[in-house]
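**Q** task: produce atomic coordinates for the following.
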Amino acid sequence: MVRYSHQITKQKQPKQRFYLRFFTGGFKMSVITFVCAGQMNSAITFPAFENGHEVRLVGSPLDRDIIDGLKKDNFHITLKRTLHDGIKYYQIEELEEALKGADLVLGGVTGSAMKFFQCYQRTFQYLQ
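**A** Below you'll find the predicted structure:
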């Protein structure tokens, strides 16, 4: 049977998964720490912040210029977008402070940044 796009949109949508409910306000306000300030993690800060969560963004050793720029004017130099006022920015040396009280820790890293995996190792050591 062939289905056309207008028929598919009328079907019942599956229930949202946990992570979708988390970012769309289905849970209480939480503290979310994003480790590494690349384009992916920084883009995910939009729905998290807009749904009332406290957002912290920690830069990897590769993200020093990004975090410095964000602290200055909230503009992300590689994403080419202005992030929300109210997001807290941290350099990798401030990781422990950024993880205090976090309800959720998210990490996003590309293949080129994998050599800086120690920032994740430090994150996991702190969380244990």
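**Q** buried stuff in stretch 85-95?
**A** Going by neighbour count (16 or more other CB atoms under 10 Å), the buried part of stretch 85-95 is 87-92, 95. Backbone N, C-alpha and C define where each C-beta goes, glycine included.
**Q** in this structure, which helix is the longest?
**A** Ranked by residue count, the top helix of the chain under DSSP state H comes out as helix 39-50.
**Q** buried stuff in that one?
**A** For helix 39-50, using 16+ other CB under 10 Å, the buried residues are 41-42, 44-45, 48-49.
**Q** from these, which two are the most distant?
**A** Distance extremes for the buried residues of helix 39-50: the farthest pair is 41 and 49 at 12.5 Å, using CB to CB.
**Q** contacts for whichever strand or helix holds residue 72 next, please.
**A** Element membership for residue 72 (DSSP states H and E) is helix 64-73. Residues from elsewhere that reach helix 64-73 (CB atoms under 8 Å, 6 or more residues apart in numbering): 37-38, 42, 57, 59, 75-78, 82-83, 87, 89-91.
**Q** most widely separated two among those?
**A** Spatial extent of the contacts of helix 64-73 (CB to CB) is set by the pair 82 and 91 at 19.9 Å.
**Q** would you quantify the distance from residue 32 to residue 96?
**A** Residue 32 sits 16 Å away from residue 96, going by CB to CB, to the nearest Å.
**Q** who has more neighbours out of the two?
**A** residue 32 (21 against 12; other CB atoms under 10 Å).
**Q** tell me the bridge partners for the more buried one.
**A** residue 55, residue 104 (DSSP bridges).
**Q** fine by me, we can end here.
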